[in-house]
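Participant: take a look and give me a structure for this.
(chains A and B)
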Amino acid sequence: EAGVAQSPRYKIIEKRQSVAFWCNPISGHATLYWYQQILGQGPKLLIQFQNNGVVDDSQLPKDRFSAERLKGVDSTLKIQPAKLEDSAVYLCASTLGQGGANVLTFGAGSRLTVL
Amino acid sequence: GENVEQHPSTLSVQEGDSAVIKCTYSDSASNYFPWYKQELGKGPQLIIDIRSNVGEKKDQRIAVTLNKTAKHFSLHITETQPEDSAVYFCAAMDFNDMRFGAGTRLTVKP
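Facilitator: Residues are numbered from 1 along each chain as shown, chains lettered A, B, ... in the order given. Just a heads-up that it's a prediction; the model follows:
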């Protein structure tokens, strides 16, 4: 089966600019996650969707980050305005359902550099 | 919320030796413990997982053990090969919330 697709793979912007990342999960996977992975750290959950509804966005910095999954398939993550500390890899992952019975499959990630 | 600690942060072994990475977790409700391998420029890939009703699981050269009482779990890689060199992450998950350790950079020297 096709994996989790993400784009762009790399993005360099200046602080205060905006950026958007796109994710297409594995076909049929109802649950989609966005993680932020800062260099040298483990992934940190930003937001979790179940179909097109938000399950958990408690760690999303909502003053600058937003995410949507309008039709329950593709998702976009936006940062506006970007700060230097947003430099990281943004990973998208999906699972068939919800909860620990389902294996998380990650995409290759989108690497953001904020100058 | 869940807090996962992982040790060591770096590990260097000779090809053919064994490697052990240890993690502890804080939330007794966590019931699923996967291990991911991340190679440079790629997303994390699941290599093995264990659920809270199991104490040990093996898959060829890789094994994971879980001690629920002590809230720790470990990854064991035997007969290491250069292609095992990567960053390994443990994670702990309750129903919805998966938290990752900070990662272990494993280097296998030929």
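
Participant: neighbouring strands - and their directions - for the helix or strand bottoming out on mean pLDDT in chain B?
Facilitator: Lowest by mean pLDDT, DSSP states H and E among the helices and strands of chain B is strand B:98-100, with a mean of 90. The pairing partners recorded for strand B:98-100 under DSSP bridges are strand B:86-93 (antiparallel).

Participant: ok, and what's touching the strand it pairs with?
Facilitator: Contacting residues not belonging to strand B:86-93 are listed as A:42-43, A:100, B:2, B:4, B:6, B:21, B:23, B:25, B:27, B:30-39, B:44, B:47, B:73, B:75, B:98-101, B:103-106 [CB atoms under 8 Å, 6 or more residues apart in numbering or on different chains]. (Glycine included, C-beta is placed from N, CA and C.)

Participant: sorry, back to before: and the helix or strand that comes right after the least confident helix or strand of chain B, how far from the chain's centre?
Facilitator: For strand B:98-100, the succeeding helix or strand toward the C-terminus, using DSSP states H and E, is strand B:104-109. Relative to the centre of its chain, strand B:104-109 is centred 13 Å away, using CA atoms, centre = their mean, to the nearest Å.

Participant: and the contacts of strand B:104-109?
Facilitator: By CB under 8 Å, 6+ apart, strand B:104-109 touches B:6-15, B:19, B:21, B:77, B:80-89.

Participant: any chance you could list what contacts the least confident helix or strand of chain B?
Facilitator: When contacts are defined by CB under 8 Å, 6+ apart, strand B:98-100 is touched by residues A:42-45, A:104, B:1-4, B:25, B:32, B:34, B:36, B:89-93.

Participant: was I right about residue A:47 contacting residue A:57?
Facilitator: Yes. With contact defined as CB atoms under 8 Å, residue A:47 reaches residue A:57; the gap is 4.5 Å.

Participant: so what's in contact with those two at the same time?
Facilitator: The contact sets of residue A:47 and residue A:57 overlap at residue A:67 (CB under 8 Å, 6+ apart).

Participant: so which of the two has more stuff around it?
Facilitator: Between residue A:47 and residue A:57, counted using other CB atoms under 10 Å in any protein chain shown, residue A:47 has the larger neighbour count: 24 against 17.

Participant: part of a helix, is the more buried one?
Facilitator: No. Assigned with DSSP: H, G, I helix; E, B strand; the rest coil, residue A:47 falls outside any helix and is strand.

Participant: residues in contact with it?
Facilitator: A:33-34, A:54, A:56-57, A:59-60, A:67, A:77.
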